[in-house]
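Undergrad: Fold the following for me, if possible:
(one chain, ligands or ions: 1)
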Amino acid sequence: MPKSKSIRGLGAKYGGTVRKRYSNIQRVLKAKKECPSCSSLKLKRVASGIWCCSRCGFTMAGGAYDVAPSRKT
Ligand SMILES: [Zn+2]
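TA: Purely as a prediction, here's the structure:
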């Protein structure tokens with residue numbers, strides 16, 4: 001089974017479980033988020049749990065790594 005080289009930032013450190021969690025977070029952070037106010041995909045995380053739309057300036061509270069956090073932790 002070939003190792004995935006697509007995830008950058010951690011290298012071979014920290015063990016597999018942490019890297020898997022990190023890669024999940026990175027994927028979610030890089031995904032486009034739709035602004036609930038203007039429906040553009042400009043929603044960005046400005047702080048942990050705070051999301052701001054760069055188009056209309058709409059700011060909302062959400063999950064730390066995703067706008068709509070999933071229940072499973
Ligand atoms: Zn917006």
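Undergrad: Return the distance of the lowest-mean-pLDDT helix or strand in the chain from the chain's centre.
TA: Every helix and strand of the chain was ranked by mean pLDDT, DSSP states H and E. The lowest is helix 15-30, at a mean of 85. In this view, helix 15-30 has its centroid 10 Å away from the chain centroid, taken as CA atoms, centre = their mean, to the nearest Å.
Undergrad: Give me the buried positions along it.
TA: The neighbour-count check on helix 15-30 (16 or more other CB atoms under 10 Å) flags 19, 23, 26, 28 as buried. C-beta coordinates here come from the backbone N, C-alpha and C atoms, glycine included.
Undergrad: cool, and stretch 50-57?
TA: Buried, per 16+ other CB under 10 Å, within stretch 50-57: 51, 52, 53.
Undergrad: other SSEs contacting the helix or strand hosting the first one?
TA: This points to residue 51. Assigned by DSSP states H and E, residue 51 falls within strand 50-53. Contacts defined by 3 or more CB pairs under 8 Å, 6 or more residues apart in numbering; DSSP states H and E place strand 50-53 against strand 43-47, strand 59-61.
Undergrad: does the ion sit close to the shortest one?
TA: Just to be clear, that refers to strand 59-61. No - Strand 59-61 lies apart from the ion when judged by CB under 5 Å from the ion; the minimum separation is 9.5 Å.
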